[in-house]
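Chemist: using only what follows, build the 3D model:
(chains A, B, C and D)
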There are 2 protein chains.
Amino acid sequence: MDANPKIRMTKQRQVILEELCKVTSHPTADEMYQVIRKRLPKISLGTVYRNLEILSELGMVLKLDVGGTQKRFDGNVVNHYHVRCTDCGCVGDLHMPTDLEIEQKAQPLTDFQIKRHSLEFIGVCPECREAKSRRVS
Amino acid sequence: MDANPKIRMTKQRQVILEELCKVTSHPTADEMYQVIRKRLPKISLGTVYRNLEILSELGMVLKLDVGGTQKRFDGNVVNHYHVRCTDCGCVGDLHMPTDLEIEQKAQPLTDFQIKRHSLEFIGVCPECREAKSRRVS
DNA sequence: ATTATCATTAGTAATTATTATCCATTATCA
DNA sequence: TGATAATGGATAATAATTACTAATGATAAT
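Modeler: Residues are numbered from 1 along each chain as shown, chains lettered A, B, ... in the order given. Sure, this is the predicted structure:
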């Protein structure tokens, strides 16, 4: 294994990147797999995992470590915040300027060397809210 | 299974709560298991998981969904922020007033109903920083 | 006090998400 | 063209967590 291997943009890798950039739903690896399979029926789940990992190492996609059991992926690499639904676990974007000052404010309060921050809002998505109110009435 | 079962403060449950409140290290379930075993050698890992879950549902401890592969637990239920080390994954507290305004600012920008937010700083802990500089020199 | 009930336990099996391995295939470049 | 390295698909392995089960111990009712 070379330290700096030549990256090939294979069909599989390209389709994964394309499909991820198409959506704003922050899919899990398995959700990606289901979508990709429609275009490449022979692709394996391992390939999806491997390529999402590689693409995220290259900085072409974002691997999100938001709450829940599964990692999620984002085709939008520009720094932004997220909202997660407590009920269904879905994740949406929250387009609000990221606060860089807060890292400066936090730095004197810890002996960790702060590199970045991640802010996640937690709430209920419209669909789940709708489902809840229907249950009550 | 009753919808509202009577919960008993068993020895196991109490020791788990005690030991978690003693530390500020935000241990994983397995780390808790290792500590508890010193006092209750016969306890099983499943019991630790089950009780941490129950205690967090009761609001007596906090289940943290910070990055990394394992969930972490916190005996301090007062809302506060955390710092996570990119290298070793350890988690520290960051005692800075939590910003409630930010939820109000974010609300108009999403159709999710925001309940709370979680802010995590990401950096390098003193130990790992030390280890790094030693490797260079 | 005795018994019936029910929460809880330890131990183990099962599940879920992810990563690693193996070998055939394909692309790249000398 | 032929050598070499990257990649893919299939499958096995691993890690973290959850579910299941029979036994145990507390609680409440008689």
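Chemist: domain parsing for chain A?
Modeler: Domain assignment for chain A, taken from automatic domain parsing, gives A:1-75, A:79-137.
Chemist: so, in contact with chain B or not, the longest strand along chain A?
Modeler: Assignment by DSSP state E gives strand A:113-124 as the longest strand of chain A. Yes - counting by C-beta under 8 Å from any C-beta of the partner chain, chain B has neighbours in strand A:113-124: A:113-124. (Glycine included, C-beta is placed from N, CA and C.)
Chemist: so the next helix-or-strand element following that strand, near chain B or not?
Modeler: Next along the chain after strand A:113-124, taking DSSP states H and E as the criterion, comes helix A:126-136. Yes - applying C-beta under 8 Å from any C-beta, one finds helix A:126-136 in contact with chain B at A:126, A:129.
Chemist: what about the helix or strand encompassing A:Leu17, average pLDDT?
Modeler: Assigned by DSSP H and E, A:Leu17 falls within helix A:11-22. For helix A:11-22, mean pLDDT is 97.
Chemist: mind listing what's buried in that helix?
Modeler: Under the neighbour-count criterion of 16 or more other C-beta atoms under 10 Å in any protein chain shown, helix A:11-22 has A:12-13, A:15-17, A:19-20 buried.
Chemist: could I get the domains of chain A as TSV with distance to B:Gly46?
Modeler: Formatted as TSV, the domains of chain A follow (distance: least, C-beta to C-beta, whole Å):
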stretch	distance to B:Gly46
domain A:1-75	18
domain A:79-137	24
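Chemist: okay if I get the ones you listed as TSV plus distance to DNA strand D?
Modeler: Formatted as TSV, these follow (distance: least, C-beta to the nearest atom of the strand, whole Å):
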stretch	distance to DNA strand D
domain A:1-75	3
domain A:79-137	13
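Chemist: quick one: which of the ones you listed is nearest B:Ile36?
Modeler: Nearest to B:Ile36 among the domains of chain A is domain A:1-75 (24.0 Å), distances taken as C-beta to C-beta.
Chemist: sorry, back to before: determine which two of the residues of strand A:113-124 next to chain B are furthest apart.
Modeler: A:Gln113 and A:Val124 (36.0 Å).
Chemist: okay, the two: which has more neighbours?
Modeler: A:Val124 (20 against 16; other C-beta atoms under 10 Å in any protein chain shown).
Chemist: residue contacts, the more buried one?
Modeler: With contact taken as C-beta atoms under 8 Å, 6 or more residues apart in numbering or on different chains, A:Val124 is in contact with A:85-87, A:132, B:112-113, B:115.
Chemist: same thing but 7 Å
Modeler: Contacts for A:Val124 (C-beta atoms under 7 Å, 6 or more residues apart in numbering or on different chains) come out as A:85-87, B:112-113.
Chemist: so A:Ser106: helix, strand or coil?
Modeler: That one is not Ser; residue A:106 is Ala. Of the three states, A:Ala106 takes helix according to DSSP: H, G, I helix; E, B strand; the rest coil.
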